[in-house]
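Enquirer: build me a model from this:
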Amino acid sequence: MPNLYQETQMVMSESRSKDAVPNGAAHSTSTEPHVARPNIGNRVTVVLGAQWGDEGKGKVVDLLAQDADIVCRCQGGNNAGHTVVVDSVEYDFHLLPSGIINPKVTAFIGNGVVIHLPGLFEEAEKNVCKGKSLEGWDKRLIISDRAHIVFDFHQAVDGVQEQQRQEQAGKNLGTTKKGIGPVYSAKAARSGLRICDLMSDFTQFSERFKVLASQYQSMYPTLVIDIDGELSKLRDYVEKVKPMVRDGVFYMYGALHGPPKNILVEGANAALLDIDFGTYPFVTSSNCTVGGVCTGLGMPPQNVGEVYGVVKAYTTRVGIGAFPSEQFNDIGELLQTRGKEVGVTTGRKRRCGWLDLVLIKYAHMINGFTALALTKLDILDVLPEIKVGVSYSVNGENIPNFPANQEVLQSVEVQYDTLPGWNSDTSTARTFDELPENAQKYVRYIEEHLGVPVKWIGVGKSRESMIQIF
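Expert: Here you go, the predicted model:
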């Protein structure tokens, strides 16, 4: 049986031969390339959050995963939370691609993801106990050898840093304390440790682990790290994880250039939490926009196909940071209560407000959405009228852009359009035509304002409650 390297070489050879010029074929000019242009191969379908997270990406991924062969995570860690409901059973995922709930799917965790190994196995075991959907998950999971490892002390450092921010500046970032910031910082500082290191010489791994732990203890003298205890736990994970580990770049190349496959990429977090394009500094530590797909999986941009943006029918945010359309009134409370807006990862109540099309347009500029999924439309069923944010002004003057500066964003005034509500239940609708007329108008208004079609509408928790328009 050929090994992974040999398999990839065969795929590369086949890919080249598909477009090769036959022997003896005439060349029209001397300027033609000696080798034919490479075959693009399979394209991936991408699902991304268009707001501050919690839009319902897991539900869209679950829908698309029914026809998928491979479902990938490309960034983030177990700071993300996706909920999927199957046969009235609610599964929640943080590190595992939620598409793994489909027994036919292979799940791939790419190099851009940061992995807390105890968290990964705890998550899997918890979901296995809920039903049969995750049986054999460990035989269907592939992990990139280039993914960085989150250690327990990264999580401890995260908590210490938050405490210091609170003491020194009077406010923190509101992180999940899952160690995400510290491990991405170590990655950028070139002091992090990866899955490939854990799979290699454990003595060398241990030495580098001790150096990293010592660096953190020097920076944070109150930090207590059980070095021997954590190394012992990590050694125990080696044999568990080893069968799952592959060269991620070779794996993706084989998936893209082998037989036709449906490949789905499940984005974590969302556009407004992106480290570069989000509401900095109240963001996550990775690129959760479309560029993170290529860097987090090791694949070229020409293999990106459909890019679906997931938009909640109103806006929510967990934690601290500017939120222009937030409602500090009965509307905010109603949305929070009806929408059961509590974070999957943190358990914190989400802040709630009207749909803000300024920030959705901004997310579309970055990601180039080909279609949208509009979720939780049913939460708006009881409202007599619905407001939609359509522009921002500062000091009475309209601004054309989404402000980068946090203080400016906090000072903007939102201009709203007011649309009539529908005051009727949408949760039983299964086609667009079954929606109340004003609910249909709400959807069409969003499409026309953004210039992006809405492909799905969510009116409940179950798979069946996703209306597909085209």
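
Enquirer: count of residues packed around residue 349?
Expert: Residue 349: 13 surrounding residues under other Cβ atoms under 10 Å. Any C-beta I mention is one placed from the backbone N, CA and C, and that applies to glycine too.

Enquirer: and what of residue 284?
Expert: 25.

Enquirer: quick check: it touching residue 180?
Expert: Yes. Residue 284 lies in contact with residue 180 (Cβ atoms under 8 Å); the separation is 6.5 Å.

Enquirer: mutual contacts of these two, please.
Expert: Taking Cβ atoms under 8 Å, 6 or more residues apart in numbering as the criterion, residue 284 and residue 180 both touch 76, 79.

Enquirer: quick one: strands adjacent to the helix or strand that residue 264 is a member of?
Expert: Taking DSSP states H and E as the definition, residue 264 sits inside strand 263-266. Strand 263-266 pairs in its sheet with strand 44-49 (parallel), strand 70-73 (parallel), by DSSP bridges.

Enquirer: what about the strands in the stretch 301-450 of the chain?
Expert: Taking DSSP state E, counting those that start in this stretch as the criterion, the stretch 301-450 of the chain carries its strands at 304-312, 315-317, 351-353, 355-356, 371-375, 385-394, 397-399, 413-420.

Enquirer: lowest-confidence helix or strand of this structure?
Expert: Taking mean pLDDT, DSSP states H and E as the measure, the chain has helix 4-18 as its least confident helix or strand, at a mean of 52.

Enquirer: and the helix or strand containing residue 209, how far out from the chain middle?
Expert: Using DSSP H and E, residue 209 falls within helix 202-219. Distance, stretch centre to chain centre, for helix 202-219: 30 Å (Cα atoms, centre = their mean, to the nearest Å).

Enquirer: is the closest residue to residue 262 other than its chain neighbours in a helix, a strand, or coil?
Expert: The shortest distance from residue 262 to any non-neighbouring residue, by Cβ to Cβ, 6 or more residues apart in numbering, is to residue 68 (4.7 Å). Assigned with DSSP: H, G, I helix; E, B strand; the rest coil, residue 68 falls in the coil class.

Enquirer: start the count at 359, not 1, going forward
Expert: Okay, using 359 as the starting number, the last item reads as residue 426.

Enquirer: number of residues surrounding residue 426?
Expert: 22.

Enquirer: before we move on, what about residue 516?
Expert: What residue 516 shows, counting by other Cβ under 10 Å, is a neighbour count of 22.

Enquirer: can you tell me which residues contact it?
Expert: Residue 516 neighbours (Cβ under 8 Å, 6+ apart): 533, 535, 536, 537, 538, 539, 540.

Enquirer: residues touching the closest residue in space to residue 486 that isn't next to it in sequence, list them.
Expert: What sits nearest to residue 486 in space, not counting adjacent residues and going by Cβ to Cβ, 6+ apart, is residue 492, at 4.7 Å. Counting by Cβ under 8 Å, 6+ apart, residue 492 touches 449, 458, 459, 482, 485, 486.

Enquirer: in helices only, show me the residues you listed.
Expert: Counting by DSSP state H, the part of these found in helices is 482, 485, 486.

Enquirer: from the residues you listed, pick the one nearest residue 734.
Expert: residue 485 (23.0 Å; Cβ to Cβ).

Enquirer: tell me the phi and psi of residue 626?
Expert: Dihedral angles phi and psi of residue 626 (degrees, to the nearest 10) take the values phi -110, psi 160.

Enquirer: am I right that it is in contact with residue 646?
Expert: Yes. The pair residue 626 / residue 646 is scored as a contact, 6.2 Å apart, by Cβ under 8 Å.

Enquirer: touching both of the two, which residues are there?
Expert: 433, 434.

Enquirer: how about low-confidence regions in the stretch 359-508 of the chain?
Expert: For the stretch 359-508 of the chain, applying pLDDT under 70 flags the ranges 359-388.

Enquirer: still on that earlier bit, average pLDDT for the strand holding residue 622?
Expert: Mean pLDDT, strand 621-624: 98.

Enquirer: circling back: will you turn the contacts of residue 492 into CSV that also has distance to residue 725?
Expert: As requested, the contacts of residue 492 are arranged in CSV below (distance: Cβ to Cβ, whole Å):
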residue, distance to residue 725
449, 27
458, 24
459, 25
482, 30
485, 29
486, 34
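
Enquirer: with distance to residue 812 and neighbour count added, can I get those in a markdown table?
Expert: What follows is those, written out as a markdown table (distance: Cβ to Cβ, whole Å; neighbours: other Cβ atoms under 10 Å):
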| residue | distance to residue 812 | neighbour count |
| --- | --- | --- |
| 449 | 26 | 23 |
| 458 | 27 | 26 |
| 459 | 25 | 24 |
| 482 | 34 | 18 |
| 485 | 30 | 22 |
| 486 | 35 | 16 |
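
Enquirer: of all the residues you listed, which comes closest to residue 791?
Expert: Minimum distance to residue 791 across those is 30.4 Å, recorded for residue 459 (Cβ to Cβ).

Enquirer: circling back: let me have the strands of the stretch 659-808 of the chain in JSON lines, extended by mean pLDDT.
Expert: Below are the strands of the stretch 659-808 of the chain laid out as JSON lines (pLDDT from 0 to 100):
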{"stretch": "strand 662-670", "mean pLDDT": "99"}
{"stretch": "strand 673-675", "mean pLDDT": "97"}
{"stretch": "strand 709-711", "mean pLDDT": "97"}
{"stretch": "strand 713-714", "mean pLDDT": "99"}
{"stretch": "strand 729-733", "mean pLDDT": "99"}
{"stretch": "strand 743-752", "mean pLDDT": "98"}
{"stretch": "strand 755-757", "mean pLDDT": "96"}
{"stretch": "strand 771-778", "mean pLDDT": "99"}
